[in-house]
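> got a sequence here, can you build the structure:
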Amino acid sequence: MTSAIQPGTDHAVTFGGSGSVTIAPGSSALSDPVNMEISSAENLAVSIYLPNQTEPATWHPRAFTTSYVSAGDNAAAIDVGSTQTITSWPYLTDLLVTPVVYTGVIVALGDSITDGYGSTTDTNGSWPSQFFDAIQQSSFAGTLAVVNSGISGNRVLHDNYGLSALTRFQRDVLEIEGVRYVILFEGINDISDFMGDYPVTADQVIAGYQRLIADAHVGGIKIYGATLTPIGIAVHAPGDMESTRLAVNQWIRTSGAFDGVLDFEAAVRDPSNPESIIPSLTVDNVHLNSAGYGVLANSIDLTLFQ
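Residues are numbered from 1 along each chain as shown. Next up is the predicted model:
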């Protein structure tokens, strides 16, 4: 990956016909449509020029994709000539794409393990990205899209890094155009309580799941629950966290409350040490590496999305 785009592919973006936009704190802006064709697995480059120094703004801190920073207005340049790089996405939150044929959207709602923490930069190595790759190699190619709504540090019940899953479900799931399915893989940050401020029980996490299930069904969306993967000897795990995790997973598997279950724990659990992830698949006993995320992606039964 470089700081250059393919010549002849640049498209100017406007807002109400204007080449610039001012966004008030707490607000957002949607651009005018851009007339261009892209393939279903194509990487896009988006350039943003800020004429003045700005205060901290919306950003995706762990995008695991290289962005390039340069001085001056280089938004229309083929190559910004940058010597400074970051692996975050500032300002931009969504790209809305009109499909040529009907496409059902799957939203992956989760925390850092969904965000892709631990994957190799610039490889699209998160499990949602690799799940999309698996779809493209199947009979479902061209009929399903995957949106990654993972936020590192996110919780089901309480705001932490980003709004809680309960709070952001409307925005990050129900308001996604074309959404038909949501995969809920979240709860480790609730029960591990690494901030030491909100210790929760299995019943509280389950109650949060039940609210999300109800919200999904009201919206006509199927919701699949993914079991919480092992956390091993993570330094922030309190002593009773493992029993809480197992209780939550037992409910996910047996309650019948979800429309389907993705057994992520079983996919990466170390047979010789069930409280831990297979060593070759993890970077820190909590997060997976790209290979581990591939195991999660390939464990998903595509017939759930017929």
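> report the distance from the lengthiest helix in the chain to the chain centre.
Counting by DSSP state H, the longest helix found in the chain is helix 202-218. Here helix 202-218 is found 19 Å from its chain centre; the criterion is C-alpha atoms, centre = their mean, to the nearest Å.
> report the buried residues of it.
202, 204, 205, 206, 208, 209, 212, 213, 215, 216 (16 or more other C-beta atoms under 10 Å). Heads up, the C-betas are built off the backbone N, CA and C, glycines and all.
> ok, the first one to residue 108 distance?
In this structure, residue 202 and residue 108 are 23 Å apart, going by C-beta to C-beta, to the nearest Å.
> do the same with the fifth one
Relative to residue 108, residue 208 is positioned 17 Å away (criterion: C-beta to C-beta).
> likewise for residue 31?
Distance, residue 31 to residue 108, using C-beta to C-beta: 25 Å.
> so those two - more neighbours on which side?
residue 108 (25 against 12; other C-beta atoms under 10 Å).
> list the buried residues for the helix or strand harbouring that one?
Using DSSP states H and E, residue 108 falls within strand 104-110. Using 16+ other C-beta under 10 Å as the test for burial, strand 104-110 gives 104, 105, 106, 107, 108, 109, 110.
> so who does the closest residue to residue 187 other than its chain neighbours touch?
In space, and not counting its chain neighbours, residue 187 is closest to residue 205: 5.0 Å by C-beta to C-beta, 6 or more residues apart in numbering. Shown in contact with residue 205 (C-beta atoms under 8 Å, 6 or more residues apart in numbering): 156, 157, 187, 190, 191, 244, 248.
> now do the contacts for the first one.
The reference is to residue 156. Listed by C-beta under 8 Å, 6+ apart, the contact partners of residue 156 are 164, 165, 166, 186, 187, 190, 205, 208, 209, 212.
> so for those, which is the shakiest by pLDDT?
The member of those with the lowest pLDDT is residue 190, and it reads 93.
> element containing that residue?
Residue 190 is part of helix 188-192 when elements are defined by DSSP H and E.
> in terms of secondary structure, what does that helix contact?
Applying 3 or more C-beta pairs under 8 Å, 6 or more residues apart in numbering; DSSP states H and E, one finds that helix 188-192 contacts helix 202-218, helix 241-254.
> dump those to CSV, plus distance to residue 4.
Listed next are the helices and strands packed on helix 188-192 as CSV, based on distance: least, C-beta to C-beta, whole Å:
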stretch, distance to residue 4
helix 202-218, 42
helix 241-254, 46
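> which residues does residue 51 contact?
With C-beta under 8 Å, 6+ apart, residue 51 has these contacts: residue 73.
> and the pLDDT for it?
pLDDT recorded at residue 51 is 90.
> where does it fall, phi/psi-wise?
Backbone torsions of residue 51, given as degrees, to the nearest 10, read phi -70, psi -20.
> show me where this protein has its strands.
Using DSSP state E, the strands of the chain run over 59-60, 67-69, 84-86, 89-90, 104-110, 144-150, 179-185, 222-226, 260-262, 269-270, 273-277.
> list the buried residues for the second one?
What that stands for is strand 67-69. 67, 68.
> that one pairs with which strands?
Taking DSSP bridges as the criterion, strand 67-69 sits next to strand 84-86 (antiparallel) in its sheet.
> go on, the fourth one?
Within its sheet, strand 89-90 is paired with strand 59-60 (antiparallel), according to DSSP bridges.
> could you export the buried residues of helix 202-218 as a markdown table, including distance to residue 280?
Shown next, in a markdown table, are those (distance: C-beta to C-beta, whole Å):
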| residue | distance to residue 280 |
| --- | --- |
| 202 | 30 |
| 204 | 34 |
| 205 | 29 |
| 206 | 32 |
| 208 | 32 |
| 209 | 31 |
| 212 | 33 |
| 213 | 34 |
| 215 | 38 |
| 216 | 35 |
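> how about the helices in the stretch 51-200 of the chain?
Applying DSSP state H, counting those that start in this stretch to the stretch 51-200 of the chain gives helices spanning 112-115, 127-136, 165-169, 188-192.
> distance from the third one to the middle of the chain?
I take that to be helix 165-169. Here helix 165-169 shows a centroid-to-chain-centroid distance of 14 Å under the convention C-alpha atoms, centre = their mean.
> ok, the first one next?
The gap between where helix 112-115 is centred and where its chain is centred comes out at 6 Å by C-alpha atoms, centre = their mean.
> cool, the second one as well?
Taking the mean of its C-alpha atoms, helix 127-136 sits 12 Å from the chain's own mean (C-alpha atoms, centre = their mean).
> what's the answer for stretch 170-188, then?
10 Å.
> got the buried residues for it?
172-174, 176, 178-188.
> how near is residue 76 to residue 13?
11 Å.
> among the two, which residue is more densely surrounded?
Relative neighbour count places residue 13 above the other of residue 76 and residue 13, with 14 against 11, counting by other C-beta under 10 Å.
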